[in-house]
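Colleague: mind looking at a prediction? Sequence and model below.
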Amino acid sequence: MASVKGKPRRRLSSDIPPNMSRETPLRMLVFGNCDQVSLTQSVLGQDVFTGDEVNISATKKSSGFVQERNITLVNTPNLQNNDLPDSILHKEFRKAVCFSCPGPHAMVFVVDPFHLTSDTMDILKPMVHYFGERVLKHTLIVLYHERGMKTLSIEDVVKKNKSFRELAEKCSQNYIFYNEEINRTESSQTKTLLDKVDEMVSEHGMFSNMEFKDAEKRIQIEERFIRKSKEKEIRGTLKALENQHSGEALASEILKYEEKIQLECREKAELVVADKLGFTVRVVDYAVAMGKGAFVGAFLGFAVGYEGMAVGAAVGAGLGAVFGGAANAAWSYIYKSFTDAH
């Protein structure tokens, strides 16, 4: 897991996982401690946070072009130093879902290699609680530091740490060391990070679940509404470009404008849906609390009125006794129920 030594080689198209293309933005959802801000800025090679945002308390999306790749890093609130209520934390997680749709290629867990304790594992718990145990195989532990020490000597110390061994086992031994001091001069640490994420994507694909899929559908619908509302503005701008340019220059300007509009519509749609998203999450909680069968019956009954809810719940409860109830299965029941009722 040591960092790559020497001058980093040029990234080749063959390095990209077969289920991705060079045009596909590499999406990473970053969480952990205050070092997640430093890691984000190191990877992107630019200051995307202000001094007041070091102890990040709100989800933020940052993008850049790094080593011939489009990279998007979505930072959740600092889970180590922010004691946020569950309602606020879940709202920020929903924003992170929208900002990383249709799903992150990796969950990047930033930790301090010199302060690994049992509390380090606690930072991971809110993510697992919200996204489920399956998220662990998509989680990459990044041991970030800015000290002028050889990576191998740090590895020797860290590997003897019981808390780290337990954490690494949870995350399928997916971890790297990231030395910011080295990265400032040769960017080899960023390359190691991207290579490791590509390796994980080749093995497991990107992370997704029903919430990501639901959010992506909503975002695409919202994008179309936003673009439609901009039709007059778009026509005016295109006409102005046609008056100012011609030939290849015109084609180039139109392409740049189209990319700009597409990005603006996407980002606005993500924000709109992030504020609305959460219905699916809440109904799953209700389904588990009521019992899957009773909930589905009530949910379907809602389509025909209050009495239908009562009858549906009673019938559904009987079905629930036969089929059993579980949080994971609730997703498919709710999604199908919502579709049928609609």
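Modeller: Received, thanks. Numbers count the residues shown, from 1 in each chain.
Colleague: show me where the chain has its helices.
Modeller: 35-44, 86-99, 118-131, 151-159, 162-170, 180-186, 188-204, 210-229, 231-244, 247-276, 279-290, 292-301, 306-323, 327-341 (DSSP state H).
Colleague: save those as TSV, and put in mean neighbour count, distance to residue 61 and mean pLDDT too.
Modeller: Heads up, the C-betas are built off the backbone N, CA and C, glycines and all. Formatted as TSV, those follow (neighbours: other C-beta atoms under 10 Å; distance: least, C-beta to C-beta, whole Å; pLDDT from 0 to 100):
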stretch	mean neighbour count	distance to residue 61	mean pLDDT
helix 35-44	22	10	94
helix 86-99	20	4	94
helix 118-131	16	17	93
helix 151-159	15	30	81
helix 162-170	16	26	95
helix 180-186	15	22	88
helix 188-204	19	17	96
helix 210-229	17	13	96
helix 231-244	12	24	97
helix 247-276	15	8	95
helix 279-290	16	20	45
helix 292-301	24	33	48
helix 306-323	16	39	45
helix 327-341	16	26	44
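Colleague: residue 265 contacts residue 223, doesn't it?
Modeller: Yes: Residue 265 lies in contact with residue 223 (C-beta atoms under 8 Å); the separation is 4.9 Å.
Colleague: if we can go back for a sec, of all the helices of the chain, which one is nearest residue 58?
Modeller: helix 86-99 (6.3 Å; C-beta to C-beta).
Colleague: packing partners for that closest one?
Modeller: In this structure, helix 86-99 packs against strand 69-75, helix 118-131, helix 210-229, helix 247-276, with contacts taken as 3 or more C-beta pairs under 8 Å, 6 or more residues apart in numbering; DSSP states H and E.
Colleague: who's in contact with residue 99?
Modeller: 59, 61, 72, 74, 270, 274 (C-beta atoms under 8 Å, 6 or more residues apart in numbering).
Colleague: which one of the residues you listed is nearest to residue 30?
Modeller: Distances from residue 30 to the contacts of residue 99, taken as C-beta to C-beta, are shortest for residue 74 (6.6 Å).
Colleague: the closest one pairs with what?
Modeller: residue 29, residue 61 (DSSP bridges).
Colleague: can you list the domains in the chain?
Modeller: 13-204, 210-275, 279-341 (automatic domain parsing).
Colleague: out of the helices of the chain, nearest to residue 137?
Modeller: helix 188-204 (5.6 Å).
Colleague: so how far is the closest one from its chain's centroid?
Modeller: Put simply, helix 188-204 sits 16 Å off its chain's centre (C-alpha atoms, centre = their mean, to the nearest Å).
Colleague: could you number the chain from 29 rather than 1 from now on?
Modeller: With the count now opening at 29, the last piece we talked about shows up as helix 216-232.
Colleague: by contact count, what packs against it?
Modeller: Using 3+ C-beta pairs under 8 Å, 6+ apart, the elements in contact with helix 216-232 are strand 54-60, helix 63-72, strand 134-139, strand 167-173, strand 203-207, helix 208-214.
Colleague: now it - C-alpha only, PDB.
Modeller: Below are the C-alpha coordinates for helix 216-232, written out as PDB (Å, rounded to 0.1, in the frame of the first residue of the first chain):
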ATOM      1  CA  SER A 216       2.600  10.900  -7.000                       C
ATOM      2  CA  GLN A 217       0.200  10.700  -4.000                       C
ATOM      3  CA  THR A 218      -2.700  11.900  -6.100                       C
ATOM      4  CA  LYS A 219      -1.900   9.300  -8.700                       C
ATOM      5  CA  THR A 220      -1.700   6.500  -6.100                       C
ATOM      6  CA  LEU A 221      -5.200   7.600  -4.900                       C
ATOM      7  CA  LEU A 222      -6.700   7.600  -8.400                       C
ATOM      8  CA  ASP A 223      -5.100   4.300  -9.300                       C
ATOM      9  CA  LYS A 224      -6.500   2.700  -6.100                       C
ATOM     10  CA  VAL A 225     -10.000   4.000  -6.800                       C
ATOM     11  CA  ASP A 226      -9.800   2.700 -10.400                       C
ATOM     12  CA  GLU A 227      -8.800  -0.700  -8.900                       C
ATOM     13  CA  MET A 228     -11.700  -0.700  -6.600                       C
ATOM     14  CA  VAL A 229     -14.100   0.300  -9.400                       C
ATOM     15  CA  SER A 230     -12.800  -2.600 -11.500                       C
ATOM     16  CA  GLU A 231     -13.600  -5.000  -8.700                       C
ATOM     17  CA  HIS A 232     -16.900  -3.600  -7.300                       C
END
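Colleague: ok so, going back, what is the nearest of the contacts of residue 127 to residue 133?
Modeller: residue 100 (9.5 Å).
Colleague: mind listing what that closest one touches?
Modeller: With C-beta under 8 Å, 6+ apart, residue 100 has these contacts: 53, 54, 55, 56, 89, 90, 91, 127, 128.
Colleague: residues in contact with the fifth one?
Modeller: With contact taken as C-beta under 8 Å, 6+ apart, residue 89 is in contact with 100, 101, 102, 103, 127, 128, 295, 298.
Colleague: repeat that for the last one.
Modeller: Residue 128 makes contact with 55, 56, 57, 89, 100, 102, 240 under the criterion C-beta under 8 Å, 6+ apart.
Colleague: quick check, nearest of the residues you listed to residue 273?
Modeller: residue 100 (30.5 Å).
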